[in-house]
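**Q** Can you look at this prediction? I've put the sequence above it.
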Amino acid sequence: MHRALRLTEVRVENYRTRSFVFEDGLACQPGQFVMAWLPGVGEKPFSIAASNPLTLMVVAVGPVSEAFHQLQVGQRVWVRGPLGQGFRLKGRRALLAGGGYGVAPLLFLAQQARQQGMDVDVCIGARTAADVLLTEAFERLGVGVHVTTEDGSLGQTGLVTAATGKLIETLRPDALYACGPVRMLEALEKQARQAGVDCQLSWEAHMRCGMGLCGSCEMPASEGRLPGWLACLDGPVWRSDES
Amino acid sequence: MADLTCELLGHRLKNPVVLASGILGTSATLLRRAVDAGAGAVTAKSCGPTPRAGHPNPVTVDWGHGVLNAIGLSNPGAAEEVHLLAEARHLLDEVGAVLIASVFAGTPDEFAEVAAIVATARPHILEVNISCPNVRDEFGTPFAASGESAALVTQAVRKAVDLPIAVKLAPNVPDIGRIAAAVVEAGADAITAINTMPGMIIDAEAARPVLSNRVGGISGPALKPIALRCVAEVRRAVKVPIIGTGGVNNGRDAAEMLLAGATAVGVGTAVWYGGVSALGRIAAELEGWMDREGYATLDAMRGLALR
């Protein structure tokens, strides 16, 4: 059942992205997700950018997320969850990699890792400087931030894998944690495997029920994922040490 | 150790647990996963004449006593379904599991057409879904609402295919036994009882129904007493096998369904409560329960509650 939660803060993150902070916390793990329902508009899955208070970062890309952007402090959003399997921190040194708005759940993960006294670096990849998100929030946590943009307008020019490739060598992280587009995750999985580093990847899929019943979010089998892997039930986070 | 094997329409199941239609039945790999998790037979999601996207979200809600859903018969259409079923048949043959296809349509003739197309994939059994509660706006009152309309569909499908057919009935009828008798008279080889029960969940603060379709089908614990009553009434009315479905979440629930007269036991929403492994867990729990209660075979307990 949904819980109606009131908004206490709306933060503009960039030209099409806002963070929505709610009045209450939600007991959950980084990488899990919620289904957020705007009555009369629709319901969509969102990753969790912070648990206490619950914070969702929303990019305006469709009817539900655009309606989200119209919301004001004091209005309510109907949330069910947490759902799915999240990240599990391991070791002392974490390397995070986020593509586009995939950085949202990584902020929550970085917060947890820093609380546990871990060393954390994050690679943030985006198309242009305007698409880069949450750098200051990561810096406030004491996380090393490495930005790549495809057009070179900020940080290193190229894809996020250019940054992670080097950092995997120099930092020797205990695990690589990533969220972003499919191609980016596939490249990172390969990189991590070749370097002999565990990886935990959060996959985006078309979700409907969010409960492991309807089959909409089945992912194609890959080297790591078993056939019939459901993003909402078995994921969204896949861990190389679980297969 | 109790013998869980189950004879269903000429096929031998390793246990009576059948994955119900609409749950995880959207691909060959998911059907195989359900078998690997412990199901004796699996039912594919219902397929109609043409592709359907289904309803927009929200399509499901767990309100604490069960689940309400209106997925809206999402399916790839009969032609594509043939490939899915053929691949599923291949994956299931490797492990000796039984494949049940499921069809729906808007008219008896259309049912016959879809059934004939789907039959080319050679599923072991064909389930005829005349009772989906969630597409009333497009398809009108379900055929399961009266013995006459249910029999018309059954006859049409019977003529179109040589596979064993199970007709899936609705719980919200005045006399389900009479409808079961009508479809058996029309050529059904088995009955699946029951589909979900129409219902509505309203979010008080939102002051509107949660599901985009407004109404949906109730499944899970809230459905169990309704399903047990229906299975018992169908068992009194007809002799054919029954796939008893509705609210089975553990081995004891499965036992109750068999005691009500079911031949096999459909399981769906338990996957939400316990993951895909619930299918195997329910079979294992049933076996343990039978051992404790002294039943050596399913036959020894079937229908005992009707004495």
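**A** Looks like it came in fine. As the structure is a prediction and not an experimental result, all values here were calculated from the model.

**Q** Quick one: the strands in the stretch 201-307 of chain B, in order.
**A** For the stretch 201-307 of chain B, the strands defined by DSSP state E, counting those that start in this stretch cover B:202-203, B:208-209, B:216-219, B:242-245, B:264-267.

**Q** Check which helices and strands the last one is in contact with.
**A** Using 3 or more Cβ pairs under 8 Å, 6 or more residues apart in numbering or on different chains; DSSP states H and E as the contact test, the elements touching strand B:264-267 are strand B:17-19, strand B:242-245, helix B:251-259, helix B:278-293. For every residue, glycine as well, the C-beta is placed using N, CA and C.

**Q** contacting residues for the closest residue to B:I202 other than its chain neighbours?
**A** Of all residues not flanking B:I202 in the chain, B:P209 sits nearest, at 5.4 Å (Cβ to Cβ, 6 or more residues apart in numbering or on different chains). By Cβ atoms under 8 Å, 6 or more residues apart in numbering or on different chains, the contact set of B:P209 is B:M200, B:I201, B:I202, B:D203, B:V215.

**Q** Distance of the residue lying farthest from the centre of chain A relative to chain B?
**A** In chain A, A:G40 marks the outermost C-alpha relative to the chain mean, sitting 26.7 Å out by Cα atoms, centre = their mean. Going from A:G40 to chain B by Cβ to the nearest Cβ, to the nearest Å gives 7 Å.

**Q** go on, A:L107?
**A** Where chain B is concerned, A:L107 sits at a distance of 25 Å (Cβ to the nearest Cβ).

**Q** Do you know the pLDDT at A:S243?
**A** We note a pLDDT of 60 for A:S243 in this prediction.

**Q** How confident was the prediction at B:V135?
**A** Turning to B:V135, the model gives it a pLDDT of 74.

**Q** residues contacting it?
**A** Counting by Cβ under 8 Å, 6+ apart, B:V135 touches B:G72, B:L73.

**Q** same thing but at 10 Å, please
**A** Counting by Cβ atoms under 10 Å, 6 or more residues apart in numbering or on different chains, B:V135 touches B:G48, B:R52, B:G54, B:H55, B:A70, B:G72, B:L73, B:F104, B:G106, B:P142, B:N213.

**Q** Residue of the stretch 101-250 of chain B nearest chain A, please.
**A** Nearest residue of the stretch 101-250 of chain B to chain A (Cβ to the nearest Cβ) works out as B:A206 at 3.9 Å.

**Q** tally of neighbours for that residue?
**A** For B:A206, the neighbour count with other Cβ atoms under 10 Å in any protein chain shown is 16.

**Q** can you check A:A175 too?
**A** As a burial measure, A:A175 scores 21 neighbours (other Cβ under 10 Å).

**Q** which one is it nearest to, not counting chain neighbours?
**A** Excluding the flanking residues, the one nearest A:A175 by Cβ to Cβ, 6+ apart is A:D198, at 4.3 Å.

**Q** repeat for B:T297
**A** Among residues not flanking B:T297 along the chain, B:D3 sits closest, at 4.9 Å (Cβ to Cβ, 6+ apart).

**Q** Which pLDDT value goes with the one you found?
**A** On pLDDT, B:D3 comes in at 97.

**Q** can you pull the contacts of it?
**A** For B:D3, the contacting residues are B:N15, B:E287, B:M290, B:Y295, B:A296, B:T297, B:L298, B:D299, B:A300, by Cβ under 10 Å, 6+ apart.

**Q** And it, how far from A:R239?
**A** Going from B:D3 to A:R239 by Cβ to Cβ, to the nearest Å gives 39 Å.

**Q** do A:C214 as well
**A** From A:C214 to A:R239 the distance is 24 Å (Cβ to Cβ).

**Q** ok, the two, which is more surrounded?
**A** A:C214 (25 against 20).

**Q** Who are the contact partners of the nearest residue to the more buried one once chain neighbours are set aside?
**A** Excluding its sequence neighbours, the residue lying closest to A:C214 (Cβ to Cβ, 6+ apart) is A:R208, at 4.9 Å. Listed by Cβ under 10 Å, 6+ apart, the contact partners of A:R208 are A:35, A:43, A:45, A:214-217, A:232, B:53-60, B:69, B:71-72, B:74.
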